[in-house]
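1. Mind looking at a prediction? Sequence and model below.
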Amino acid sequence: MSTIVKAAAVQISPVLYSRQGTVEKVVKKIRELGQQGVQFATFPETIIPYYPYFSYVLAPFALAKEQLRLLEESVTVPSAETRAIAQAAKEANMVVSISVNERDGGTIYNTQLLFDADGTLIQRRRKLTPTYRTHLGSWKMG
């Protein structure tokens, strides 16, 4: 006998420059999907607070202000934000995979969080977030 799982690949935008606003938007979406019977939902990369788009469009000397803003808005784990997502996952009886910019001291990680349907955080996987991107095209090895 096969089991069918109703899943959702969520494509929503963050509330730019607002960790709290984006968390509220994510929680609302989890609740909506729960009402539709979704059992597993995955959200975009670093949806909370937002993807560091500025590393692609600003000159290197202009990055510091934006990097500090991103650090300030990034999520700590655990926090009120992760507890709100966990509670929404529990209420919706849904497994939720979500990627956040996680702040730990002075470092920002691109972190994937996996919440079980009972709201338990069952996985936290980190990778470093790029702090600088060249505007001269691709890196050349050689």
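-> Done, it's in. Numbers count the residues shown, from 1 in each chain.
2. Which stretches in this structure count as strands?
-> Taking DSSP state E as the criterion, the chain carries its strands at 7-9, 40-42, 95-104, 107-115, 121-128.
3. Buried deepest among those, which one?
-> strand 95-104 (a mean of 22; mean count of other C-beta atoms under 10 Å). The C-beta positions use only the backbone N, C-alpha and C, and glycine is treated the same way.
4. other SSEs contacting it?
-> Packing contacts for strand 95-104, counted by 3 or more C-beta pairs under 8 Å, 6 or more residues apart in numbering; DSSP states H and E, involve strand 40-42, helix 63-73, helix 80-92, strand 107-115.
5. buried ones in the third one?
-> Within helix 80-92, the residues that qualify as buried are 81-82, 84-86, 88-90, 92, counting by 16 or more other C-beta atoms under 10 Å.
6. So what's the gap between it and the chain middle?
-> Put simply, helix 80-92 sits 14 Å off its chain's centre (C-alpha atoms, centre = their mean, to the nearest Å).
7. likewise the last one?
-> When distances are taken as C-alpha atoms, centre = their mean, strand 107-115 is centred 7 Å away from the chain's centroid.
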